[in-house]
Structures are given as C-alpha cells and as structure tokens.
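> need coordinates for the below:
(4 chains)
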2 protein chains.
Amino acid sequence: MPEKVTIADVARHAGVSRQTVSNVLNTPEVVREETRRRVLDAVEELGYRVNQAARQMRTGRSRLIATRIEPDRDGINGSVLDRFLHGLTESAARAGYRVLLYTADDDTAEIATFADLLGAYEPDAFVLTGTHHGDIRTSWLLDRSMPFVTFGRPWGVPDGTPHAWVDVDGAAGTAAATRHLLDAGHRRIGFLGWPAGSGVGDDRREGWARTLRAAGVDPAGLDRATSDGVDDGEAAARELLESGDPATALVCVSDSLALGALHTVRSPGAATPAEHRAGPPVAVIGFDDTPVAKAVGITSLSQPLAEAAASCVTLLTRLLDGDSRPSGSSGDPHPHVLLQPSLVVRRSG
Amino acid sequence: MPEKVTIADVARHAGVSRQTVSNVLNTPEVVREETRRRVLDAVEELGYRVNQAARQMRTGRSRLIATRIEPDRDGINGSVLDRFLHGLTESAARAGYRVLLYTADDDTAEIATFADLLGAYEPDAFVLTGTHHGDIRTSWLLDRSMPFVTFGRPWGVPDGTPHAWVDVDGAAGTAAATRHLLDAGHRRIGFLGWPAGSGVGDDRREGWARTLRAAGVDPAGLDRATSDGVDDGEAAARELLESGDPATALVCVSDSLALGALHTVRSPGAATPAEHRAGPPVAVIGFDDTPVAKAVGITSLSQPLAEAAASCVTLLTRLLDGDSRPSGSSGDPHPHVLLQPSLVVRRSG
DNA sequence: TACTTCTCTTTGAACGTTCAAACCCACGGA
DNA sequence: TCCGTGGGTTTGAACGTTCAAAGAGAAGTA
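Numbers count the residues shown, from 1 in each chain, chains lettered A, B, ... in the order given. Sure, this is the predicted structure:
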C-alpha cells in the first residue's frame, strides 16, 4: 500500500496553500517564479501525483478514452485492430489519456455499454471502430453530444462528416494494387470482395473497377462477392480462374480471401485449365498486410495504423481540450483524416 | 451531455435518505424488503448509475485492472497476448472490473508506469505478462504489497510461488508434441529453441528432452538455440537437417521458428542432402497456434488463452474481494493455476 | 495620506459517495 | 411505567481536488 501523498501534504511542505499547489500544476503562469519552483521541488521530493478520482469529481473529466476490443474472428484480420489499439494506447498516453477497454457483441450491446461506462467511469471520449451503414452507435453518441472519433468513415451519410473520423483510403489502395498489376502486364484482373452493402468492401471494389476502366478494361464479370473466410476465398477464386476467359491476377478485399485465392492458385489440382497453367502464375494481392500475408508471401496493402491511431487522438484532444462550443454548431464541418495505404510487394504479385 | 443522476436524486424520488440508497446497492440485506423495492424502482426509473470516481474517493477502490499491451514484434507471436487481452477484458467485465491499458518498452519503464498509474488512477490490481528470470516488476509490486497476478510463472524463484500466477504448461506441450512425433515413427526429433536463460524457452526444451530420453533417444546434438525470427528458424533448421545424422522432425519453441523451419523443409534447394529427400517430408511442430500456423498448415500447440485470462480474474477477485490479510503472511502459498496446451494437428506434422 | 490597481496567494465550498455513529420506534420483560 | 434491545433508517463527516471569490501587499496616482 503506497503511502498517499495529497496536495495538502505538498502545500504544507512548501509552505503554501492547497490552491497554490493546484495552480502550479494546472495554471503555472499565475504563480510567481520562486513559489512555483518551491512547490515543484516539494512535488518532486514527496513524489506527489494528482489523484484522478478527486480531480474528476471536481472537473468532470476522467482523462479516459474508451474503446472496444474485438474478438478476432478468423484470427487474420483481428491483428489489424490490435495494432491500431496499440497505437491508440501509445498516442493517448502521450496526450495524457489512458485507454479503457470494453467488449460488446453487437451495436446494441455496445450502446448499453456506453450508458454503463458513462454512468460509472465517465470516459471523456470514445473511439469507435468498424463503422458501417446506418450505424446506430454514432447517432446515439451524437444525440448525447458525447465526444468521439471513429476509425472508419461514416458510410452512407449524405453530408459526409456528421462527426470526426479517421480512415484509410481503401479505394486508393485497391487502385494502386490494380495499377501495379496493369504495369506488370496483366489485363484480366479479378476482384474478390465482400457482398455489396459493406462500406469498406464497396469502397475497395470501386478503386479496382475505376482503375480497370481507366485502362480500358471492362470489369464486368471479373468480380466475385463472398463472406470473409479462407475457404470462401478459395472457392470464389476458383470460379474466376476457371471461367471461359479466366483472370490472370486477383485483387482481394482482405488477406483472408487472398490466402484462399492463393490456395487455389498454388494447388496443383485441376483449378486452372491446363492451357493456362503453362503461363506465369496468377498474381494475388491482399489487403491489410497481416502477419499471415507476410508469412505466406502475399503482396498486400498496408494500413498506417499507428498513424491512424495518432490522428484519432489528435482529433480527440482538439475536441476535448479545444473550445467547448456545442459540437453540432453549423458552419464548420467535423474534422477528418484520410490516410493512404501502401503496397507491400511480395512473391504473390 | 447526459444528465447526471446522483444518489441524492434517487433518495428524493424514493422518499428515503442517501445512505439507504447506498445500502440497497451495497448491502441490501440490511434494508427492509419494501424499502429496497421502492429504491430499486427509483434507480431503474431514473437510470441511476453509481459514480466510480466518487465511490473511489471514499472506498479507495477503482474497480480497474491495469495491464500492458505490447507492440507485436514480428506480428506472429503478438496475437497470443492480444487474444489473452480480449479474454481478460471479458472476464474482468463479468467480475465488475474494467481493463486499463498502458505500454512500456522495458521493465524499468513499466515500473515507472506503475507508479504513475497508482498515483493517478489507482488501479486495484495489475496483470503482468511475460515474466522472466529476475523480474524486477514483481518485486516492486510485492514491496508495495500491490495485488497482482502474472500470466507466466515466476521463473527462477526457489520458493516457486511468491505471488499469484497463471501459466500454461509449456513442457507438457512440447512433451505431447514429441510423443506425437514418436508415435508417428520418428526417432531423430530435433528442437528449435531460444537461447538458454529464458524461463519459457528452457521449460519447453525440457519437455522435449525429457520425452526423447524416456523413449531411449539421446537428445544431445539435436537442439539449436536461436533468437525468435523466421530467418533464424530457417537457418537453425538447416543446420539440424544437414548434419551427419539429420533430424526427421522438429519441435519448435514458437510458430515463428516453425515457419522458418518449414521454409527450409519445403524449399526445393540443397537444404537437405539428396539421399534424404526421397523419404517422407520432415515434420514440423510449432507453439502458440497463431493465425499464421493455421494459414500455413503448421501443427502447433494451442494455449487456452481465454481460460488463462479467466483464471487471472478469478485469482484477482479472490485477492481483492477476499479477506484482506497481509498478502505476505506465511503459511498459505499463493494460489496459482497451470493450464494444459493442446496439440492442433495440421499438414506439417 | 488615502485611494486605486495589480499581482500573487489563501479561504470556503462543492463534486457524489460511503463510513461511523446517532437516531427512532416498536416490542418484551421487569 | 420504565428500561433495554434490536431492526431499520438518517445525519454528519470525510475522501482529494478545483472553482469562485476574497484577501494581502506592494506599487502607483492624486
């Protein structure tokens, strides 16, 4: 049990009042140089640290940022959010905040957790991940004008910026991947994606389609939509590679699907018709640059996750420490950051 | 800004005093049935939630568990701690605790963070990961009799249980792997490990050596120690496979090394002398059952991470909610839990 | 001298909860 | 009738901090 040092101890030790100590720590400019030094020495000597709970009681600020930790579904894509979380913890610490974790199985459960946390721990802000069409979490928080930032843009909103967000430009990523394949001489470049309706998935598909069209290739018939499993990717890839006019390269919406595609490509079975197997191997590009992609040698798009996390914290501190005008005030759009992914080229493409 | 409901609001609404409301929530048995019901109705109706900061001020308990989130080094093994963290968050929530994150680059920095957190947020307990010989973090916490549990046993301590811990039996894991290979007819089973001195690494090596000896095979010369990189694993595996009397199977201390070993095994180059390449493929078994192992098809040892996390929380609540006798009291050893890993068999072995 | 201004510091109160002690009241026994 | 007992409830104080306002001096002005 560490001996508790309070602000009163420091005050007594430095021969000043409580409030002067508080001022030295919070608004040093109002304290005379010599007094300040004396107080700081006392702080140092006694090892004083401000008690958050007491401060929170008075100021209503907890210096806590709450965010969700997700169960890793297939274990491949989970690593993306974990890396983000690590960056978030580091950036938050630098800004004087700590990260509080919670779990929730779906949006409704997450909102219940919001209410729970707000009543009990009163986090200053939330960081949401995995935004999607008709996201009820953001509207709930907006209704209560709780500060928050999403990692993932608000999909399907006409305005575009109903709240602060940070995201990685998925379309630019798949566009870069497609361009890379075009440069390598490929023309029939397929796309393995998720079913339409997912903001992230549609965005990434669009980057591929746009780039193909710009190169004079009609993307029609060259894409397949499937759920995000390795086996699904394998099956969908087979379809594209066995069609009458088969694809010679595949851009995938995730590393899971890319891994599946690679199984199809590398399997010595009857996947690709004999007449095509003589040619160069089918190229495969994934998304997220997960450890699996690295291990297997899949070319993939790397998201700047540490940077994304840092941006989230920057936006948050601006929201929290900045002017406290009502966040719904018209005129200024909410700040947002769109980062660029980078292509990591490996054996697969 | 959610309207704040305080205990006084509930009291007024139910026509009782503050303290009675507090009693209903904390020690319901002292309140008359009818009063209790009335208060609970008021709580429900107003959506009251106890304010942690205020409670903490009075009781000194924050209901916060602090733990470290690590940067994923090579991205492969990182996933283990991430899965553990997820389980910890869930189990903690069930027990009424929240998880607070921090980062630290080394033990010294972590201790500094301990001091920081204890002064500011006053977490009720810490969960430490990655214990090792001469771990200064545990002694620091013990000196201050701060409650904590480690995931990883206290290595190199004569007593064995200077504090509560949870761990997975690595030696039993490698023993099972070795037995599995013996059953498959292998005799010359090599081990790819970390340099001696690492508790975890030595333990896992011991399980392999012990099992080989029990089967009448001398492990001498069959093991290699290297740092935990894929390339390191590849090189070390090559040594074992190119020796005069080459190994026909490899048990690896981690999936990173196993992946490296697999590269050597599968590479069609001059890795293995020609006379041996005709035989059955060299078997490889990893440790941790990471997503990479799954993706590549490496047989590996799976740690029950959710269970380990749950055990940590169980031990912690026992420490925190249980009797508060000085934890150093002699007589009763500290509680600990040793879980068994399970072998997940895949193509590689 | 007396009054104003300015800089720096101190004092009281409040945040929302729980502990410790006091209070109230019905009941049973002398 | 009076007192002790005990269940159920209330009251005052305290946790450690910061806000708002008041106070203490010194310096400047009339």
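> what about residue A:202, is that helix, strand or coil?
Here residue A:202 is recorded as helix under DSSP: H, G, I helix; E, B strand; the rest coil.
> run a quick neighbour tally on the closest residue to it other than its chain neighbours.
In space, and not counting its chain neighbours, residue A:202 is closest to residue A:196: 6.0 Å by Cβ to Cβ, 6 or more residues apart in numbering or on different chains. Any C-beta I mention is one placed from the backbone N, CA and C, and that applies to glycine too. Around residue A:196 sit 9 other residues, with neighbours defined as other Cβ atoms under 10 Å in any protein chain shown.
> my read: residue A:196 touches residue A:225, true?
Yes. Assessed by Cβ atoms under 8 Å, residue A:196 is found in contact with residue A:225 at 6.5 Å.
> what residues are up against the most centrally placed residue in chain A?
Centroid check for chain A by Cα atoms, centre = their mean gives residue A:151 as the closest residue, at 4.2 Å. Residues in contact with residue A:151 (Cβ atoms under 8 Å, 6 or more residues apart in numbering or on different chains) are A:84, A:127-129, A:131, A:165-167, A:308-309, A:312.
> enumerate every residue touching residue A:88.
Contacts of residue A:88 by Cβ under 8 Å, 6+ apart are A:65, A:67, A:99, A:127, A:309, A:312-313.
> which one of those residues is nearest to chain B?
residue A:99 (4.4 Å; Cβ to the nearest Cβ).
> what secondary structure does that closest one sit in?
strand.
> can you spell out which residues form a bridge with it?
residue A:65, residue B:101 (DSSP bridges).
> so where do the helices sit in the stretch 151-300 of chain A?
Under the criterion DSSP state H, counting those that start in this stretch, the stretch 151-300 of chain A contains helices at A:170-183, A:199-214, A:230-242, A:255-266, A:274-277, A:291-296.
> ok, which of these comes nearest residue B:230?
When the helices of the stretch 151-300 of chain A are compared by Cβ to Cβ, helix A:291-296 sits nearest residue B:230, at 7.3 Å.
> pLDDT on the closest one, on average?
On average, the pLDDT along helix A:291-296 is 90.
> before we move on, what about stretch A:21-32?
The model assigns stretch A:21-32 a mean pLDDT of 94.
> and the residue of the stretch 51-200 of chain A found nearest chain B, how many neighbours?
Of all residues in the stretch 51-200 of chain A, the one sitting closest to chain B is residue A:119 (2.5 Å; Cβ to the nearest Cβ). Residue A:119 is flanked by 17 other residues according to other Cβ under 10 Å.
> with distance to residue A:3 and mean neighbour count added, can I get the helices of the stretch 151-300 of chain A in CSV?
Below are those laid out as CSV (distance: least, Cβ to Cβ, whole Å; neighbours: other Cβ atoms under 10 Å in any protein chain shown):
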stretch, distance to residue A:3, mean neighbour count
helix A:170-183, 53, 22
helix A:199-214, 51, 21
helix A:230-242, 55, 21
helix A:255-266, 51, 27
helix A:274-277, 75, 10
helix A:291-296, 45, 26
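> make TSV out of those and add distance to DNA strand D.
Formatted as TSV, those follow (distance: least, Cβ to the nearest atom of the strand, whole Å):
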stretch	distance to DNA strand D
helix A:170-183	42
helix A:199-214	40
helix A:230-242	52
helix A:255-266	46
helix A:274-277	70
helix A:291-296	43
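> so which of these comes closest to DNA strand C?
Across the helices of the stretch 151-300 of chain A, DNA strand C has its closest neighbour in helix A:199-214 (38.8 Å, Cβ to the nearest atom of the strand).
> what's that closest one in contact with?
Helix A:199-214 is contacted from outside by A:131-133, A:152-153, A:155-156, A:170-179, A:182, A:189, A:191, A:193-196, A:218-219, A:222-223, A:225, A:251, A:253, A:287, using Cβ under 8 Å, 6+ apart.
> average model confidence for that helix?
97.
> point out where chain A drops to low pLDDT.
Applying pLDDT under 70 to chain A flags the ranges A:1-2, A:73-75, A:268-279, A:322-332.
> mind doing that once more with 80?
When residues are selected by pLDDT under 80, those of chain A lie in A:1-3, A:71-78, A:159-160, A:243-244, A:267-280, A:321-333.
> quick one on the thing from earlier: quick check: buried residues in the helix or strand hosting the residue of the stretch 51-200 of chain A closest to chain B?
Here residue A:119, judged by DSSP states H and E, is contained in helix A:107-120. Using 16 or more other Cβ atoms under 10 Å in any protein chain shown as the burial criterion, the residues of helix A:107-120 that qualify are A:107, A:110-111, A:113-114, A:117-120.
> and what of stretch A:128-137?
Neighbour count says stretch A:128-137 has A:128-132, A:135, A:137 buried, by 16+ other Cβ under 10 Å.
> before we move on, what about stretch A:147-161?
Across stretch A:147-161, burial judged by 16+ other Cβ under 10 Å covers A:147-155, A:157.
> residue A:231 reaches residue A:257, doesn't it?
No. Taking contacts as Cβ under 8 Å, residue A:231 lies outside contact range of residue A:257: 10.1 Å.
> what is the burial count for residue A:58?
Based on other Cβ under 10 Å, the number of other residues close to residue A:58 is 9.
> which element is it on?
helix A:52-59.
> restricting to C-alpha, output that helix in CSV.
Extracted in CSV, the C-alpha atoms of helix A:52-59 (Å, rounded to 0.1, in the frame of the first residue of the first chain):
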residue,chain,number,x,y,z
GLN,A,52,-7.6,11.4,-10.9
ALA,A,53,-10.7,10.4,-9.0
ALA,A,54,-10.7,13.6,-6.9
ARG,A,55,-9.9,15.7,-9.9
GLN,A,56,-12.6,14.0,-11.9
MET,A,57,-15.2,14.7,-9.2
ARG,A,58,-14.5,18.4,-9.4
THR,A,59,-13.8,18.9,-13.1
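> hmm, that helix touching DNA strand D?
Yes. Using Cβ under 7 Å from any atom of the strand, helix A:52-59 comes into contact with DNA strand D via A:54-55, A:57-59.
> give me the subset of the residues you listed that also touch chain B.
Residues of the residues of helix A:52-59 next to DNA strand D in contact with chain B (Cβ under 8 Å from any Cβ of the partner chain): A:54, A:57.
> closest one of the residues of helix A:52-59 next to DNA strand D to residue A:94?
residue A:55 (19.3 Å).
> what residues does the nearest residue to that closest one once chain neighbours are set aside make contact with?
Nearest residue to residue A:55 in three dimensions, chain neighbours excluded: residue A:61, at 7.4 Å (Cβ to Cβ, 6+ apart). Shown in contact with residue A:61 (Cβ under 8 Å, 6+ apart): A:55, A:124, A:320.
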